[in-house]
Each structure stands twice: as structure tokens, then as C-alpha cells.
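In: Got a predicted structure here, sequence first:
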Amino acid sequence: MPGTELFGAEERKEIEDVLSTGVLFRYNHDALRNSHWKAKDFEAEVKKITGAKFAHAMSSGSTAIATALAASGIGTGDEVIVPPFTYVATIEAVLFVGALPVFAEVDETLCLSAEGIKKAITPKTKGVCLVHMCGGMADMDSIMKVVNDHKLILVEDAGQSFASSYKGVYTGLFGKAGSYSFDFFKIATAGEGGVLVTNDEATYKLSDNYSDHGHDHVGEKRGMEQHPIIGMNYRISELHAAVGVAQTRKVGSAPG
Ligand SMILES: Cc1ncc(COP(=O)(O)O)c(C=O)c1O
């Protein structure tokens, strides 16, 4: 059941909080916002469900997967193993960070197979962008063995599989970083939105900087912040995050 079918009073209340202050921006403006921090609340809800140490909300699942790849150290000239059965955003994200997507076989899970990954490895392979399809998950035990044996960076595109788990570990948390989509068609929606999860603090900090033009987010004055890296505007607005908060709270209790 897509989250859009559960849109109701809870979403409207969260949006109303934002409209009551007019602070649509996720950073700063502490005095004006009347304690409403919707992007932070959205991240907290995602962490509660998945057990992730860090979560970072962004403008889409596409920007979240691109950020996950970049923050995991994948870049120009690297080969990244990807499934041919996915949404095009996965491939675009790999290309967008300057890497080369290399297709490998999927199996009955509808996700990359361990054997497929093994056969696609070359001396230039830096990582695997595993996609968990249709609310399900890949065969993680066999995939983790190949990833660890070959010292590959694992990034998970769980755009379609938010809140799915395998032997108690949630999608996105097997490798360096992972991402969920909260677009209009997903399990939970923010209208448009994505969330990156990771258990690695350095990857989280890089993601936070990268998705906001490299801002280091240190200090009270945005105009005085440093830009240790070059990034892009992949920020989520407080209005979208507000919808994400209400929707994510419904995931645990949704019928069907
Ligand atoms: C597997 C997968 N990854 C990424 C995306 C992109 O998400 P978004 O539409 O939020 O950019 C989608 C969207 O359908 C998807 O299915």
C-alpha cells in the first residue's frame, strides 16, 4: 500500500506547523521556527524504524543515492556493479558521480546475485550499488561474502524497500551507506524526498556537506560557514519533510 493512500489529518498538522512560522528552510532560523525542525524529525523517525545511527533527509531518492555513492568514496573512473533490473535513477546516480555502471545478473530475489557480482568484477571495480526491488531484499549473506572477499564498497539503493529487513538488519545498513525514496509512489511519501542512512559518522558528515553545496554547518551564521568540499543543492524543504514525518510514523501501523 503506497503511503499516499494514507494521507490525512496527521500530514496536514505537520504542514500547518511549518506554515505557521514560514520557515521553509531546514537549516538555521532558530528563533523564528518555534521549535519546528521537520527535516530533523523526519530523520529521527527513519532512525527509529531502521536503527540507523545516522540519517540525512534530501530532496529525492535519486539525490540520496548519488550522495551515498559520492560520500562512500566512489568517483571518476571507478567501475560500479549494478543490476539491469532497477529504476533508471540508480544508473544515473552512478554516472553522475563520474563512475561507470557495469551490469551483472539478478536472481529470483529480483536483485543482484552474488554469482553475478563475482563474474562482473574487474581490476577497476570499486563498489556495488545493490538495489532492493519491490519492497523485498537481495540474498544478503551470499552478497556480503563476495563484497567482503573482494574488499568492495557496498552502497544500497533501497528506494523501493524502506523498512524492509533481513535477519534483523534493515536495508541500507549492510554497507557504507544506503538510500530510500519518499517520492509520491513509495511505501511512505514526502511528495518528493529521499533519506540516506549510514552507521558511519564520517560518511554522514560528508553527505550532510555534499548535499548542501559543501557547507560545513558549523556555527550560527550560514554566510560565514566554510565549504571544505564542492557539493550541490540536494536539500529537502521543511514542507516536504513535514509530510515525511507524518508518513514515516504510519509505517509501523499501516494495514496491509
Ligand atoms: C530503486 C529506485 N531507486 C531510486 C529511485 C529514485 O527515487 P526518486 O523518485 O525519489 O528520485 C527510485 C524511484 O522510483 C527507485 O525505484
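Out: That came in fine, so what should we check first? The model shown is predicted, which means the values in this text are computed figures rather than measured ones. Numbers count the residues shown, from 1 in each chain.
In: And Val102, its phi and psi?
Out: When quoted as degrees, to the nearest 10, the phi and psi of Val102 stand at phi -120, psi 120.
In: how close does Pro2 sit to the ligand?
Out: 12 Å (Cβ to the nearest ligand atom, to the nearest Å). For glycine as for every other residue, the C-beta is placed from the backbone atoms N, C-alpha and C.
In: repeat for Ala93
Out: Ala93 is 8 Å from the ligand, by Cβ to the nearest ligand atom.
In: For the stretch 51-200 of the chain, which segments count as strands?
Out: Ranges of strands within the stretch 51-200 of the chain are 54-58, 79-82, 100-103, 125-131, 153-157, 165-166, 169-170, 177-181, 194-198, based on DSSP state E, counting those that start in this stretch.
In: What is the second one packed up against?
Out: When contacts are defined as 3 or more Cβ pairs under 8 Å, 6 or more residues apart in numbering; DSSP states H and E, strand 79-82 sits against helix 88-96, strand 100-103, strand 125-131.
In: ditto for the first one
Out: Using 3+ Cβ pairs under 8 Å, 6+ apart as the contact definition, the elements that strand 54-58 packs against are helix 38-50, helix 61-71, strand 194-198, helix 201-210.
In: residues making contact with stretch 17-33?
Out: 34, 36-40, 57, 212, 215, 217, 220, 222, 235-239, 241-242 (Cβ atoms under 8 Å, 6 or more residues apart in numbering).
In: Now for whatever residue of the stretch 1-150 of the chain ends up closest to the ligand: which residues touch it?
Out: Closest to the ligand within the stretch 1-150 of the chain is Gly61: 2.7 Å, counting by Cβ to the nearest ligand atom. Residues near Gly61 by Cβ under 8 Å, 6+ apart: 89, 157, 159, 179-183, 186, 193-194.
In: Out of the helices and strands packed on strand 79-82, flag the one nearest Ile229.
Out: Set against Ile229 and scored by Cβ to Cβ, the helices and strands packed on strand 79-82 come closest in helix 88-96, at 15.8 Å.
In: can you put the helices and strands packed on strand 54-58 in JSON lines and add mean pLDDT?
Out: Shown next, in JSON lines, are the helices and strands packed on strand 54-58 (pLDDT from 0 to 100):
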{"stretch": "helix 38-50", "mean pLDDT": "98"}
{"stretch": "helix 61-71", "mean pLDDT": "98"}
{"stretch": "strand 194-198", "mean pLDDT": "98"}
{"stretch": "helix 201-210", "mean pLDDT": "98"}
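In: so of those, which one's packed in deepest?
Out: strand 194-198 (a mean of 31; mean count of other Cβ atoms under 10 Å).
In: Strand partners (parallel or antiparallel) of that one?
Out: Applying DSSP bridges, strand 194-198 is found paired with strand 54-58 (antiparallel), strand 177-181 (antiparallel).
In: quick one: contacts of the first one?
Out: Strand 54-58 is contacted from outside by 26, 39, 42-44, 46-47, 64, 67, 190, 193-201, 203-204, 207-208, 211, 234-236, 241, 244, using Cβ under 8 Å, 6+ apart.
In: From those, list the ones also adjacent to the ligand.
Out: Gly194 (Cβ under 6 Å from any ligand atom).
In: ok, back up a step: can you put the strands paired with strand 194-198 in CSV and add mean pLDDT?
Out: What follows is these, written out as CSV (pLDDT from 0 to 100):
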stretch, mean pLDDT
strand 54-58, 98
strand 177-181, 98
